[in-house]
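In: Let's see this in three dimensions:
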Amino acid sequence: MKNLKSKKKKINKRKVSFTWNIHFACNYRCPYCWFDENWHHLAKFNTTFGVREIVRCWNRVYRKYGSTHIDILGGELFLYPNFVDIVKELSRRHSISVSTNLTTDVKRFIKEVSSANVKITASFHPIFADTELFIKKVSLFKDSKFDINISYLAYPPHLKLIGYYKKIFDRAGLSIGLSTFWGKYNGMDYPQSYTKEEKELIRPYLGSRSGRPFQVEPKKIKKGSLCRAGQIYAVIQTDGRVQRCGMDSFEGHLGNIFDKGFNLLEEPGPCNSESCPCNEWAFLLVEKDSSLDLSGVATADKKPVASKARGSLSPRFPRIDPPYKVFWNWEITYACNYKCTYCYFWKIKERHAPIDVDRWSGIWDDIFDKYGCCHIRFSGGEPTLYPGFFDLLAELSSKHTIDITTNFSFDIYELIEKVNPQPLMISPSFHPEFDEIKDFLKKIAILRKHNFLASGIAYVAYPPHLSKLKKVMKTTERNNVEFKIIPFNGEFNGRQYPQGYNDKEKGLLKDAAEDSSSKELNTRWLNWHVNDNDLDKKDKGAKEISHLCRMGQMYARIGPDGKVTRCCHPQSDVLSSIFGDDFRILDEPKLCNIANCPCFKAMFVGEEGSWLPHWGAPEHPLLPKVNNIEV
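Out: Okay, here's the model as predicted:
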């Protein structure tokens with residue numbers, strides 16, 4: 001064992017990255033460009049993909065490899081159709097680098113794209129650029145908190161101008177970085193033809209990759225050396241074909257990024273080049289005395305684990321208290337596009353807090369830092385009516401698991417495009433006054449086809465709807481969908497429900513519950529709310545000090561105004577506001593102050609066997625587990 005340990009190599013973790021040549025088109029014709037005199041030929045390879053197809057493709061990549069880094073190159077990227085929308089969507093899950101000559105209008109990009117995951121490289125071309133306008137646009141990005149760098153190519157005729165442009169950019173409070181020129185000038189090959197003086201001029205301004213400065217002469221590589229190109233890095237061409245790297249043969253490729261079955265290599269492979277012009281060798285070449293542990297990188301059959309980039313995990317996790325993670329019921333809005341006769345939420349004037357996605361993302365990042373991966377159940381009203389709801393889901397699902405209680409009136413294809421299905425559950429509520437069950441079940445089938453988990457449908461046992469209850473249940477269960485009977489809570493014909501059900505109505509409910517595929521759950525719901533079989537347990541929280549409750553510690557409700565309470569009961573203790581700088585939930589269980597507990601899932605200490613099975617959540621694909629407990 002000692003010998004094995006002594007042979008362990010240094011561990012370096014790195015996320016998967018891609019260079020994506022999105023198209024070969026540019027409004028400049030620089031003589032030093034890689035593609036000079038080849039634009040017409042290369043344009044034949046251009047394939048334009050729609051935003052929906054691109055987002056769907058990169059969502060698949062996300063599910064396989066986690067959040068990746070995408071370095072988008074061109075030509076000029078802003079000439080690609082719907083480029084702003086593409087970066088806006090992809091940057092929700094991946095970090096993006098964009099190289100641009102800044103000749104187009106960038107105001108919409110700055111307004112709509114979050115700066116959090118996007119880095120800009122502004123390429124300054126003195127042959128064509130209007131220096132004053134270029135600086136104004138760089139400053140716009142900088143003022144909007146974008147990470148932006150200015151790149152100046154060390155083309156031999158431009159070397160003498162470095163000092164001149166450096167002073168101009170310095171006066172504007174901007175720095176300039178150099179890239180070495182690769183190509184021919186005056187019959188000589190560069191960068192190897194730079195003179196000693198030119199190299200000394202260039203070196204102070206050179207950028208770096210993986211801590212290695214960009215080379216001023218080609219990096220010699222022994223043919224056949226092992227390289228991780230194609231394993232943790234790849235180059236994507238305009239039609240989606242994937243090469244191991246930029247020097248890889250254009251004919252030979254790993255597959256197409258748009259194919260559902262696309263996978264990167266599982267192991268390093270031999271390099272077929274003798275030089276590496278883009279400094280990719282700095283993090284890809286398997287050198288003699290180094291090793292790269294890929295435990296932080298997903299492969300086709302291996303899920304990624306969390307890294308510090310996803311937020312620091314609290315030392316309190318995995319949580320030792322059941323249900324081992326914090327559950328939240330977030331009534332995000334009371335707005336609803338249905339007006340069911342048995343519902344009162346749509347009558348409430350209070351709607352929701354007008355908070356944007358970026359601020360919510362920051363709030364839930366803070367909660368992650370305090371409490372680890374949580375399970376968030378969205379309810380309302382109709383939560384999908386909240387402005388930017390699917391963008392919010394995409395953000396929150398990177399660290400938390402999600403459950404959506406919904407009437408299914410939203411565009412399911414927007415959900416499919418924007419949100420990773422793995423951390424998500426959908427709990428649809430069927431409302432016969434507005435929907436047909438066959439149409440409802442078709443939506444579930446489509447979502448399941450796209451790997452979304454639809455846990456089953458809920459049906460409110462409103463007295464006028466009881467006659468159709470069993471027929472709807474049978475149709476639902478024939479389609480392998482769970483059917484949940486929800487007792488009606490409210491007034492009908494002068495009687496208060498659920499205690500107002502008469503014997504005939506109770507018989508219909510009991511018969512349906514016992515005949516359902518979810519007999520145990522439905523019977524428990526009815527016994528608790530309708531048949532009073534469990535009433536002896538309902539007042540324990542208030543009467544017996546031994547019945548401490550973890551509601552408020554392992555569960556909390558968030559109202560549309562951000563107010564946080566221990567549970568959903570109207571008389572529940574208010575903990576604080578989710579917008580508070582010192583926001584916290586309880587650190588330990590507390591005696592319940594509710595005389596009649598309305599929920600059989602209440603987290604009474606000592607009765608875990610009764611309620612713990614009802615607190616489940618999907619496994620998060622990007623977070624580690626310790627002893628089978630997600631952290």
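In: Return the backbone torsion pair for the residue lying closest to residue 434 once chain neighbours are set aside.
Out: Excluding the flanking residues, the one nearest residue 434 by CB to CB, 6 or more residues apart in numbering is residue 338, at 5.2 Å. (Each C-beta comes from the backbone N, C-alpha and C, glycine too.) Dihedral pair for residue 338: phi -100, psi 150, per degrees, to the nearest 10.
In: My guess is residue 338 contacts residue 431. True?
Out: Yes - Residue 338 lies in contact with residue 431 (CB atoms under 8 Å); the separation is 5.8 Å.
In: Which residue ranges of the stretch 501-631 of the chain form strands?
Out: Assigned by DSSP state E, counting those that start in this stretch, the strands in the stretch 501-631 of the chain fall at 548-549, 555-558, 563-565, 574-577, 590-591, 625-626, 629-630.
In: out of those, which comes closest to residue 473?
Out: The closest approach between residue 473 and any of the strands of the stretch 501-631 of the chain, judged by CB to CB, belongs to strand 555-558 at 29.1 Å.
In: where does the stretch 451-600 of the chain have low pLDDT?
Out: Scanning the stretch 451-600 of the chain with the threshold set as pLDDT under 70 gives 531-546.
In: at 50 what do you get?
Out: By pLDDT under 50, the low-scoring segments of the stretch 451-600 of the chain are 533-546.
In: With the chain instead?
Out: Within the chain, the ranges that satisfy pLDDT under 50 run 1-13, 250-251, 288-317, 533-546, 626-631.
In: go with 70
Out: Across the chain (using pLDDT under 70), the flagged ranges come out as 1-14, 207-218, 248-252, 277-282, 287-319, 346, 349-353, 531-546, 622-631.
In: Let me know whether residue 510 touches residue 526 as I believe.
Out: Yes - with contact defined as CB under 8 Å, residue 510 counts as touching residue 526 (6.7 Å).
In: who has more neighbours, these two?
Out: residue 526 (22 against 16; other CB atoms under 10 Å).
In: For that one, which residues are in contact?
Out: Applying CB atoms under 8 Å, 6 or more residues apart in numbering, we find residue 526 in contact with 485, 487, 509-510, 513.
In: can we see that at 6 Å?
Out: Contacts of residue 526 were listed using CB atoms under 6 Å, 6 or more residues apart in numbering, and they are 509, 513.
In: for the one 4 residues further on, same thing?
Out: Listed by CB under 6 Å, 6+ apart, the contact set of residue 530 reads 487, 498, 501.
In: so how many other residues sit close to the nearest residue to residue 172 once chain neighbours are set aside?
Out: Among residues not flanking residue 172 along the chain, residue 135 sits closest, at 4.8 Å (CB to CB, 6+ apart). Residue 135 has 21 neighbouring residues, counting by other CB under 10 Å.
In: Okay, buried residues for the host helix or strand of residue 135 please.
Out: Residue 135 belongs to helix 131-143 when assigned by DSSP states H and E. Under the neighbour-count criterion of 16 or more other CB atoms under 10 Å, helix 131-143 has 134-135, 137-138, 140-142 buried.
In: Name the nearest of those relative to residue 399.
Out: The nearest one, if we look at the buried residues of helix 131-143 relative to residue 399 and count by CB to CB, is residue 141, at 27.3 Å.
In: Might one say that that closest one is in contact with residue 147?
Out: No - with contact defined as CB atoms under 6 Å, residue 141 does not reach residue 147; the gap is 8.7 Å.
In: which outside residues touch stretch 571-589?
Out: 548-550, 552-553, 556, 558, 562-566, 605.
In: Distance from it to the middle of the chain?
Out: Distance of stretch 571-589 from the chain centroid (CA atoms, centre = their mean, to the nearest Å) equals 27 Å.
In: what about it, how long is it end to end?
Out: End-to-end distance for stretch 571-589: 18 Å, by CA to CA, to the nearest Å.
In: ditto for stretch 580-587
Out: Start-to-end, stretch 580-587 (CA to CA) is 17 Å.
In: buried stuff in it?
Out: 583, 585-586.
In: From the residues you listed, pick the one nearest residue 186.
Out: residue 583 (65.6 Å).
In: ok, the closest one to residue 243 distance?
Out: Computed as CB to CB, to the nearest Å, the residue 583 to residue 243 distance reads 49 Å.
In: Same check on residue 413?
Out: Counting by CB to CB, the gap from residue 413 to residue 243 is 32 Å.
In: And residue 229, by the same measure?
Out: 8 Å.
In: Show me which of those two is the more surrounded one.
Out: residue 229 (28 against 21).
In: pretty sure residue 25 belongs to a helix, no?
Out: No - assignment of residue 25 by DSSP: H, G, I helix; E, B strand; the rest coil gives coil, placing it outside any helix.
In: For it, the count of nearby residues, please.
Out: Using other CB under 10 Å, residue 25 has 17 neighbouring residues.
In: Good, wrapping up.
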